[in-house]
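S.K.: need a 3D model of the following:
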Amino acid sequence: FLLRIGVGRYITEFMISAFGSRSGGPAKSAVVASALMGTVSGSSVANVLTTGTFTIPLMKRSGYPPEIAGAVEPTASTGGQLMPPIMGAAAFIMAEFLGRPYRDIMIAAVIPALIYYSGVYIFIDLETKRLGLKPIPKEMLTPLKQFIKKIYMLAPIPLIAYELLIGIPPQYAALSSLSVALLAAWIAQENIRLSTKLMYTLVFSMLMLGMYFTGIRLEQIFILSGVIAILLTIITGLLAKEAKFMSKAAIEAVIEAGQTSISVMLAASVAGMIQGVLILTGLITSFGYMLVNLAAGNLFLLLIFAMAFSLVLGMGVPTTANYVITSLVCAPAVVFAAHEWYGVDMSVAMLAAHMFVFYFAVLSFLTPPICVAVYAAASIAGSEPIRTALQAMRLGVVAYLVPFAFALNPALLLKGTPGQILSSVILAMLGVMALSVGVEGYLFRNVSWFKRILFIGGAVGLLSPLWTLRGIGIAVVLILLFIEWRAKNVGPS
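M.R.: Prediction:
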């Protein structure tokens, strides 16, 4: 719905206006816009097609090579499935599997998602400086004031986040925020007469107040608010000629939502059958024991097996089915290893294992050869898909390390003391910056291969749960940063 009624376009153009005049503005606006779109959309491809239509051509005009322009958008958009409050459909299934409210999944996903987007943003900043690209002149951008006037169009994002946080079921929260989104879209349309807007707002408000004062339960009002807003949009659009496009958008959105729901339900039902077969035949237990024996007491190696299984499976099945199958086959072995070998609390181990599997199910959209989000972006950028995919993996390399970081250190999932969480987040952010410099090969100037290896090694140490490796990582990265800063300001010695 948000894509059809113009909220997605508003977010993209708003971010282009806000970031376009900065260094690497078009690419940075793609990252921030995709992050915002990701808060309310759980589809990587939809995010690419919504924001990429604007940002990819703009990046190419700014001087980015087609492969880079095509890589930035899917890397940023894939993170949309990882960004709360509305994550990919598999995240809701995860909540059912774990027997926990979706709110717990959403809260646990906040820090990893922020680390992911921070890494992509830093990569783009370094890439832009390495290429020596100039920002977009301000006179070529739409004035920011025009978007600030319509800031109410972003109201559905904090609303649905708040409703989910206080424990309102996702389906109720989605419908109530949809009614607010439709109301905001009506108010924002400049080519619709004021009388039509007033009629829509008045009728909707009267219906809501009528339900409230007649004693209808709050959950029912949430459901009915979304349904009424859709029906009222269709009817008003049919009655008012200038608002016909709103009626058409609502009808198309309902059809598209139904088609998407069918694919998710089919994936979940087939996955349920697979679950039954695996449990009844005992394959799930035997496969789990086989993985545990292969890992020989090494949790990190077990995580490598789970990652490989998920990425290979992602070549042929969508994210939801990938998550369900991998969580049934690999997650129990990871939970067993974390709990029995390393003494991690069972509930924390289950959350970390399922989140790990979920991340790599999502990243299959970014990983070649079957990388659907990259193919969508490459078609817009006019770039070669596999080259674009390799660039996307380079820009999103943080995403492949973050799951290992939180699986080995659950403090990144907000499971631990405040001190553990704060120190882990700070060191992870420093590690992301070091990793970006090491992979990109640029900071204030080009970085030598030897220093790049040291930066990457230091980043791995910073992302480790072991304080010995963290200490080494801190020392290595800070010394390297000082050397590069001194070379920039004083000159090489």
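S.K.: the strands in this protein, which residues?
M.R.: With DSSP state E, there are no strands along the chain.
S.K.: any idea how far the closest residue to Phe444 other than its chain neighbours is from Val7?
M.R.: Of all residues not flanking Phe444 in the chain, Lys488 sits nearest, at 3.9 Å (C-beta to C-beta, 6 or more residues apart in numbering). The C-beta positions use only the backbone N, C-alpha and C, and glycine is treated the same way. To Val7, Lys488 is 42 Å away according to C-beta to C-beta, to the nearest Å.
S.K.: have a look at the two and say which one is more surrounded.
M.R.: Taking other C-beta atoms under 10 Å, Lys488 and Val7 do not tie; Val7 has more neighbours (26 against 12).
S.K.: which stretches of the stretch 351-493 of the chain have low pLDDT?
M.R.: For the stretch 351-493 of the chain, the stretches flagged by pLDDT under 70 are 490-493.
S.K.: and the stretch 201-350 of the chain, by the same measure?
M.R.: In the predicted model, the stretch 201-350 of the chain carries pLDDT under 70 at residues 260, 263-264, 267-268, 270-271, 275, 278, 283-285, 288, 297, 316.
S.K.: could you pick out the longest helix of this structure?
M.R.: Longest helix in the chain by number of residues (criterion: DSSP state H): helix 244-281.
S.K.: and it, what other elements does it pack with?
M.R.: helix 170-188, helix 218-239, helix 283-295, helix 319-329 (3 or more C-beta pairs under 8 Å, 6 or more residues apart in numbering; DSSP states H and E).
S.K.: same list (those) but as JSON lines, adding distance to Phe455 and mean neighbour count.
M.R.: Below are those laid out as JSON lines (distance: least, C-beta to C-beta, whole Å; neighbours: other C-beta atoms under 10 Å):
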{"stretch": "helix 170-188", "distance to Phe455": "41", "mean neighbour count": "22"}
{"stretch": "helix 218-239", "distance to Phe455": "49", "mean neighbour count": "18"}
{"stretch": "helix 283-295", "distance to Phe455": "29", "mean neighbour count": "15"}
{"stretch": "helix 319-329", "distance to Phe455": "32", "mean neighbour count": "25"}
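S.K.: circling back: the residue nearest to Phe444 and Arg445 touch, don't they?
M.R.: Yes. Counting by C-beta atoms under 8 Å, Lys488 touches Arg445, with 6.7 Å between them.
S.K.: what about Ala257, neighbour count?
M.R.: Residues lying near Ala257 (other C-beta under 10 Å) number 14.
S.K.: I'd like the distance between it and Leu231.
M.R.: For Ala257, the distance to Leu231 - C-beta to C-beta - is 14 Å.
S.K.: I figured Phe358 hits Ala91, correct?
M.R.: Yes. Assessed by C-beta under 8 Å, Phe358 is found in contact with Ala91 at 6.5 Å.
S.K.: what's the neighbour count on Ser91?
M.R.: Let me fix one detail, which is that residue 91 is Ala and not Ser. Per other C-beta under 10 Å, the neighbour tally for Ala91 reads 25.
S.K.: kindly provide the distance from it to Glu340.
M.R.: 27 Å.
S.K.: cool, Ala174 as well?
M.R.: Ala174 is 39 Å from Glu340, by C-beta to C-beta.
S.K.: and Leu430, by the same measure?
M.R.: According to C-beta to C-beta, Leu430 and Glu340 sit 32 Å apart.
S.K.: neighbour count winner among those two?
M.R.: More crowded of Leu430 and Glu340, by other C-beta under 10 Å: Leu430, with 20 against 13.
S.K.: around the residue nearest to that one when sequence neighbours are not counted, how many other residues sit close by?
M.R.: Setting aside the residues directly before and after it, Leu430 is nearest to Leu462 in space (C-beta to C-beta, 6+ apart), at 5.5 Å. Using other C-beta under 10 Å, Leu462 has 27 neighbouring residues.
S.K.: same deal with Ile279?
M.R.: Ile279, neighbours per other C-beta under 10 Å, totals 12.
S.K.: Leu480 now?
M.R.: For Leu480, the neighbour count with other C-beta under 10 Å is 20.
S.K.: equivalent analysis for Ile216, please.
M.R.: Residues lying near Ile216 (other C-beta under 10 Å) number 12.
S.K.: Ser23 now?
M.R.: 15.
S.K.: ok, it touching Arg130?
M.R.: No. Contact criterion C-beta under 8 Å: Ser23 and Arg130 do not qualify, at 11.3 Å.
S.K.: which parts of the stretch 301-450 of the chain are helices?
M.R.: 319-329, 331-336, 346-363, 372-381, 385-395, 397-408, 418-440, 449-463 (DSSP state H, counting those that start in this stretch).
S.K.: which ones are touching Ser176?
M.R.: Residues in contact with Ser176 (C-beta atoms under 8 Å, 6 or more residues apart in numbering) are 159-160, 163, 168, 221-222, 225-226.
S.K.: just the terminal-to-terminal distance for stretch 101-112.
M.R.: Criterion C-alpha to C-alpha, to the nearest Å; first-to-last residue distance in stretch 101-112 is 19 Å.
S.K.: buried residues, it. List them.
M.R.: Using 16 or more other C-beta atoms under 10 Å as the test for burial, stretch 101-112 gives 102-109, 111-112.
S.K.: residues in contact with it: which ones?
M.R.: 82-85, 87, 91-92, 94-95, 98, 164-165, 167, 169-170, 351, 355, 359, 402-403, 405-406, 412-415, 421, 425, 428.
S.K.: these, buried ones only, as a ChimeraX selection?
M.R.: Here is the ChimeraX command that selects the buried residues among the contacts of stretch 101-112 (16+ other C-beta under 10 Å):
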select :82,83,84,85,87,91,92,94,95,98,164,170,351,355,359,402,403,405,406,412,413,414,415,421,425,428
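S.K.: would you put the C-alpha positions of stretch 168-188 in PDB?
M.R.: Taking Å, rounded to 0.1, in the frame of the first residue of the first chain, the C-alpha atoms of stretch 168-188 are listed here in PDB:
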ATOM      1  CA  ILE A 168      -0.300  -5.100  20.000                       C
ATOM      2  CA  PRO A 169      -0.400  -8.100  17.500                       C
ATOM      3  CA  PRO A 170       1.300  -7.300  14.200                       C
ATOM      4  CA  GLN A 171      -1.900  -7.800  12.100                       C
ATOM      5  CA  TYR A 172      -3.700  -5.200  14.200                       C
ATOM      6  CA  ALA A 173      -0.800  -2.800  14.200                       C
ATOM      7  CA  ALA A 174      -0.400  -3.100  10.400                       C
ATOM      8  CA  LEU A 175      -4.100  -2.300   9.700                       C
ATOM      9  CA  SER A 176      -4.300   0.700  12.000                       C
ATOM     10  CA  SER A 177      -1.000   2.200  10.600                       C
ATOM     11  CA  LEU A 178      -2.400   1.600   7.100                       C
ATOM     12  CA  SER A 179      -5.400   3.800   7.900                       C
ATOM     13  CA  VAL A 180      -3.100   6.600   9.100                       C
ATOM     14  CA  ALA A 181      -1.000   6.200   5.900                       C
ATOM     15  CA  LEU A 182      -4.000   6.500   3.700                       C
ATOM     16  CA  LEU A 183      -5.300   9.500   5.600                       C
ATOM     17  CA  ALA A 184      -1.800  11.200   5.200                       C
ATOM     18  CA  ALA A 185      -1.700  10.300   1.500                       C
ATOM     19  CA  TRP A 186      -5.100  12.000   0.900                       C
ATOM     20  CA  ILE A 187      -4.000  15.100   2.700                       C
ATOM     21  CA  ALA A 188      -0.700  15.300   0.800                       C
END
